[in-house]
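[1] coords please:
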Amino acid sequence: MNNTVQEINRLKEGLGAIILAHNYQPPEVQDVADFVGDSLELSIKAMQIDARFIVFCGVDFMAEQAAVINEGSVILHPDPEAKCPMASMISVEDIRRARERHPKAPVVIYVNSPAVVKAEADYVVTSANAVDVVSNISSDTVLFGPDRHLAEYIAKKTGKIVIPVPEDCYCPVHVKFNPNEIKVLKSIYKDHVFIAHPECPASVRALADFVGSTSQMIKFVKSCPNTRFLVGTEVGIIYRMVKECVGKSFVPASTSAICEDMKKITLEKLLQSLRNKLYRVEVDKEVAIKVRKALKNTFDVLGVESPWSKK
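    Numbers count the residues shown, from 1 in each chain. Next up, the predicted model:
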């Protein structure tokens, strides 16, 4: 492994590349990355650096997103078979049919979706900013896809009608959390703070002391005076939490909460990606323009400047 890491670092330096790794990536991949975070956070981070090559260690939609907002860089994805199951549950046709049924409702699309679906959106959001964006949209009804649990969470937090598109999309990892099991764990780990991702079912979120995106979870556990946490999201995030929160301990709320696609990227695949410039991610220009427009609408609603306008 040491030889592989050394070769990755050598090739990275020679290419002028940066490596981005999602919070759910295997520990050894997180360790060689220049930045670790959530999907849009990493894409925006990449824009702040002059990098000819960006190697995105995550699932397919994340690498696509990086390609959309980093036009001047070559985006590489070490394993094109690392896909997001939830992102594959929504299609362009789903959005168009929903617009026909609700012509006055704006379309808010979760970043966990293909670029061609985002191109149909009025706004593109993350789990971190979805509530703020929907709160600031003038319409009392919005169409939201693809995660129905996140749609429920947004509706509860904003008081608006949030129609899931399609009706039953979900993250296979976050539906593994069971409220009865959580209750048992909370009775065992009485001094632990339970944190949960908004993609979890409502019955699980109701038991949480804190609900937030992966980036919000990281910030929360760093600032929280409590030192013990029960973690309700993909187990990969615990590695980063342990590294960055010395003196604090973390227990997974489900040991089966593993995204197999996130784990498909290995050091060897990362090495081959750098060595052979595999696999380049490209998004159709017209699609990319539409996605950037939807993203700009999102930044405008939040009152911040779009990151690519600063370059």
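[2] Return the set of buried residues in the biggest helix by length in the chain.
    The longest helix of the chain (DSSP state H) is helix 285-302. By neighbour count with 16 or more other C-beta atoms under 10 Å, helix 285-302 contains the buried residues 287, 288, 290, 291, 292, 294, 295, 296, 297, 298, 299, 301. Yep, even glycine has a C-beta here, placed from its N, CA and C like the rest.
[3] same for it, what does it pack against?
    The contact analysis (3 or more C-beta pairs under 8 Å, 6 or more residues apart in numbering; DSSP states H and E) places helix 285-302 against helix 60-69, helix 115-118, strand 123-125, helix 130-136.
[4] angle of the lowest-mean-pLDDT helix or strand in the chain against helix 285-302?
    Taking mean pLDDT, DSSP states H and E as the measure, the chain has helix 39-47 as its least confident helix or strand, at a mean of 80. For helix 39-47 against helix 285-302, the angle by axes from the mean of the first three to the mean of the last three C-alpha atoms, to 10 degrees is 100 degrees.
[5] quick one, helices of this structure?
    All helices of the chain, identified by DSSP H, fall at 2-15, 27-32, 39-47, 60-69, 92-101, 115-118, 130-136, 148-158, 179-188, 202-205, 214-223, 237-244, 267-276, 285-302.
[6] With distance to residue 86 as added columns, please give those helices in TSV.
    Below are those laid out as TSV (distance: least, C-beta to C-beta, whole Å):
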stretch	distance to residue 86
helix 2-15	30
helix 27-32	21
helix 39-47	13
helix 60-69	9
helix 92-101	13
helix 115-118	11
helix 130-136	14
helix 148-158	10
helix 179-188	21
helix 202-205	16
helix 214-223	15
helix 237-244	17
helix 267-276	22
helix 285-302	18
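[7] Residue 85 is nearest to which of these?
    Minimum separation from residue 85 across the helices of the chain (C-beta to C-beta) falls at helix 60-69, 10.7 Å.
[8] Rounded mean pLDDT for the closest one, please.
    Averaging pLDDT along helix 60-69 gives 94.
[9] for that helix, packing partners?
    helix 39-47, strand 53-57, strand 74-76, helix 115-118, helix 285-302.
[10] if you set the cut-off to 7 Å instead, what comes out?
    Applying 3 or more C-beta pairs under 7 Å, 6 or more residues apart in numbering; DSSP states H and E, one finds that helix 60-69 makes contact with helix 39-47, strand 53-57, strand 74-76, helix 285-302.
[11] now the third one: how far from the chain's centre is it?
    If I follow you right, that is strand 74-76. 18 Å (C-alpha atoms, centre = their mean, to the nearest Å).
[12] Residue 176 against residue 259, yeah?
    No: taking C-beta atoms under 7 Å as the definition, residue 176 is not a contact partner of residue 259, at 10.3 Å.
[13] Quick check: the closest residue to residue 84 other than its chain neighbours vs residue 212, distance?
    For residue 84, ignoring the flanking residues on the chain, the nearest one in space by C-beta to C-beta, 6 or more residues apart in numbering is residue 59 at 4.3 Å. As for residue 59, its distance to residue 212 is 20 Å (criterion: C-beta to C-beta, to the nearest Å).
[14] Which one of those two is surrounded by more residues?
    Neighbours were counted for residue 59 and for residue 212 using other C-beta atoms under 10 Å; residue 59 has more, 27 against 18.
[15] Who are the contact partners of that one?
    82, 83, 84, 261, 262 (C-beta atoms under 7 Å, 6 or more residues apart in numbering).
[16] same thing but 6 Å
    82, 83, 84, 261 (C-beta atoms under 6 Å, 6 or more residues apart in numbering).
[17] Now tabulate those in a markdown table and tack on distance to residue 238 and pLDDT.
    Output for the contacts of residue 59, formatted as a markdown table (distance: C-beta to C-beta, whole Å; pLDDT from 0 to 100):
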| residue | distance to residue 238 | pLDDT |
| --- | --- | --- |
| 82 | 20 | 98 |
| 83 | 23 | 98 |
| 84 | 20 | 98 |
| 261 | 18 | 98 |
